[in-house]
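Student: build me a structure from this.
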Amino acid sequence: MEFTLNNGMKMPAIGLGVWQTEKGSETVDAVKSALNVGYRHIDGAMIYKNEAEVGTGIKESGVNRDEIFLTTKLWNTDTRNRTVAKAYQTSLDTLGLDIVDLYLIHWAVDGYVEAWSELEKLYDEKKIKSIGVSNFQIHHLEEIAKTAKYVPAVNQIESHPYFANQELINYCQQKGIIVTAYCPLGGARSGGSILKDPVITEIADKIKKTPAQVILRWHLQRGVVAIPKSKSPERIKENFDVFDFSLSDEDMNKISALNTNIRHNADPDNVTF
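Tutor: You can find the predicted model right below:
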């Protein structure tokens, strides 16, 4: 299953996130496991400190690079310092690759409007296949739209059943921006509570799927890309096995009703890092 970006590129609906995956063999093995299972989408970032391992995992997987959709991100220091092109080249060098499929501004910190202009230049020079943003609120998107040549292809945001972030998702979809959900299962700060929620477990038992599979399917049926993180080969495989069933409208609504509007991660309007 793929979503079509506003520049015509295809983005696989499920990807492997590598945030908080340890440097060394843990990241290399996770990337290889995912690609061997059938994933064709890997989501990383400079600040995760494992870009080298992502690149190694891709090379050692035996999967053709052209088949893989790879995302990495511009960190806040380089956004603030206006060193976008240098940061991008550093990521390429660390990955051991000559291009990425999607490059995102990680957070809307000081300098993000200028950073977007620099991403557009790199895109026009065909040094990046797609450009987008992460953790951008509606007002951030409206701010870059004042001077932007291109609409972001993607906005990667926190979204899960306890923080659906649906208003922002609706806005992005109206503008032709694909949304990627990070921490799609709630993330570490949820303590796994979403996976144990009675509403989720009841649906999972009924359709003979796991709670994680139910939640990931909920994302897909909202038109949202999901990038669950795991280092376990079994869990990586489980998270990818979400294309052979659908949730009913009733079950979709039950999951959406779990929303509390409480973030589990940093507030994009108060970034201090």
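
Student: could you measure from the residue positioned nearest the centre of the chain over to residue 102?
Tutor: The C-alpha lying nearest the average C-alpha coordinate of the chain belongs to residue 180 (C-alpha atoms, centre = their mean; 4.5 Å). The gap separating residue 180 from residue 102 is 9 Å, by C-beta to C-beta, to the nearest Å. Backbone N, C-alpha and C define where each C-beta goes, glycine included.

Student: any chance you could map the helices in the stretch 51-200 of the chain?
Tutor: Applying DSSP state H, counting those that start in this stretch to the stretch 51-200 of the chain gives helices spanning 51-61, 76-81, 84-95, 112-124, 138-145, 166-174, 198-207.

Student: need the contact list for residue 28.
Tutor: 53, 56, 57, 60 (C-beta atoms under 8 Å, 6 or more residues apart in numbering).

Student: pull out the buried members of those.
Tutor: Buried by 16 or more other C-beta atoms under 10 Å: 53, 56, 57, out of the contacts of residue 28.

Student: I'd say the last one and residue 36 touch.
Tutor: The reference is to residue 57. No - applying C-beta atoms under 8 Å as the test, residue 57 and residue 36 come out as separate, 10.2 Å apart.

Student: does the residue nearest to the centre of the chain touch residue 157 like I think?
Tutor: Yes - using C-beta under 8 Å, residue 180 is in contact with residue 157, at 7.4 Å.

Student: which residues are in contact with both of those two?
Tutor: Counting by C-beta under 8 Å, 6+ apart, residue 180 and residue 157 have no common neighbour.

Student: in the stretch 101-250 of the chain, where is pLDDT below threshold?
Tutor: Where the stretch 101-250 of the chain drops to pLDDT under 70, the residues are 188-192.

Student: hmm, 80 instead?
Tutor: Applying pLDDT under 80 to the stretch 101-250 of the chain flags the ranges 187-192.

Student: how about the strands in it?
Tutor: 102-105, 131-134, 154-158, 178-182, 225-226 (DSSP state E, counting those that start in this stretch).

Student: any chance of CSV for these, columns distance to residue 206?
Tutor: What follows is the strands of the stretch 101-250 of the chain, written out as CSV (distance: least, C-beta to C-beta, whole Å):
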stretch, distance to residue 206
strand 102-105, 36
strand 131-134, 35
strand 154-158, 28
strand 178-182, 23
strand 225-226, 21
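
Student: picking that back up, quick check: neighbours shared by residue 180 and residue 102?
Tutor: Contacts common to residue 180 and residue 102, judged by C-beta under 8 Å, 6+ apart, are residue 154.

Student: quick revisit: could I get the buried ones among the contacts of residue 28 as JSON lines with distance to residue 233 and pLDDT?
Tutor: What follows is those, written out as JSON lines (distance: C-beta to C-beta, whole Å; pLDDT from 0 to 100):
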{"residue": "53", "distance to residue 233": "16", "pLDDT": "97"}
{"residue": "56", "distance to residue 233": "17", "pLDDT": "97"}
{"residue": "57", "distance to residue 233": "13", "pLDDT": "97"}
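
Student: using TSV, please lay out these together with distance to residue 147.
Tutor: TSV is the format used below for these (distance: C-beta to C-beta, whole Å):
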residue	distance to residue 147
53	37
56	38
57	37
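
Student: among those, which one sits closest to residue 207?
Tutor: Among the buried ones among the contacts of residue 28, residue 57 lies closest to residue 207 (C-beta to C-beta), at 32.4 Å.
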